[in-house]
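Output the structure for:
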Amino acid sequence: MPPKPKFTREEIIEAALKIASDRGMRALTSRELGAALGSSARPIFTVFKSMDEVNAEVRKAAMKRFDEYAKKAEGYTPVFKQVGLQMILFAAEQPKLFRLLFMSENSEVKSFDDIFRILGDTAGMCIDVICQDYGVTRDEAMLLFKHAWIFTYGIGTLIASGGCRFVEEEIQEMLSREFVAMLDLIKAGKADSCTTVPQREKKQ
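Prediction:
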């Protein structure tokens, strides 16, 4: 009969998430996790097969925490702008988890499609709101979401990496300008000019 687990799956994930949140994923080792639980590393592996499995669960838990931030945007007008503000707040308050989910520590992200997939319900909600509130097609909403996300992501990255700090009023103004400018381009049918890379003239 296998030994009875000393800690529950939830307790181990919670301790692992705290390490990742405080010190980053590199600090999350079996030894450090065992110490955080007040034990050796052995009890971890009566619940999980490997640290890779623990790491995968930590990513899921980190995304749930991000979703908690994003859900705070519900009830605000405009919702889409508030989602951006919540993402930046997440970067400021949870910089290690922001890096885990959206920066170089996340090897799963290879393209914007991967980002959209990882965001899940949050991304879907944003697309629905954009279509409803601004009278654009779903393809246009996707394009608007992509540009706004990249802009917001840039601000979040600067904050999470310690490169810059902005007050909330600055962030709101920057997000509004970017969103309105891109929306105007889309409605004028000129958005393609922002996504096409011009070809260099050939030398004669």
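
Please report the distance of Thr8 from Ile19.
17 Å (C-beta to C-beta, to the nearest Å). To be clear about C-beta, it is placed using only N, CA and C from the backbone, and glycine gets the same treatment.

Pick out whichever of those two has more residues nearby.
The residue with more neighbours, out of Thr8 and Ile19 and counting by other C-beta atoms under 10 Å, is Ile19; that gives 20 against 10.

got a pLDDT number for that one?
Note on Ile19: pLDDT of 97.

so it touches Arg26, yeah?
No: Ile19 is beyond contact range of Arg26, at 10.0 Å (criterion: C-beta atoms under 8 Å).

ok, which stretches of the protein are strands?
In the chain, no strands are found when defined by DSSP state E.

Determine the longest helix present in it.
For the chain, the longest helix by residue count, based on DSSP state H, is helix 138-160.

Give me the contact list for that one.
80, 84, 87-88, 90-92, 95, 98-99, 102-103, 112, 115, 123, 126-127, 130-131, 134, 136, 163-166, 171, 174-175, 178-179, 182-183, 186, 191, 194-195 (C-beta atoms under 8 Å, 6 or more residues apart in numbering).

residues near Ile150, how many?
Per other C-beta under 10 Å, the neighbour tally for Ile150 reads 12.

for Lys60, same thing?
Counted with other C-beta under 10 Å, the neighbours of Lys60 add up to 11.

ok, which stretches of this protein are helices?
Remark: helices assigned in the chain by DSSP H are 9-23, 30-36, 51-71, 79-93, 95-102, 112-119, 121-134, 138-160, 168-187, 192-195.

Show me what the fifth one packs onto, helices and strands only.
Applying 3 or more C-beta pairs under 8 Å, 6 or more residues apart in numbering; DSSP states H and E, one finds that helix 95-102 makes contact with helix 9-23, helix 51-71, helix 79-93, helix 138-160.

could you give the angle of it to helix 51-71?
100 degrees (axes from the mean of the first three to the mean of the last three C-alpha atoms, to 10 degrees).

Break this protein down into its domains, please.
Taking automatic domain parsing as the criterion, the chain consists of the domains 1-48, 65-192.

Of these, which is nearest Asn55?
Closest of these to Asn55 is domain 1-48, at 6.9 Å (criterion: C-beta to C-beta).

Could you report the neighbour count for Met10?
Wrong residue type there; residue 10 is Glu, not Met. Look at Glu10: counted by other C-beta under 10 Å, it has 11 neighbours.
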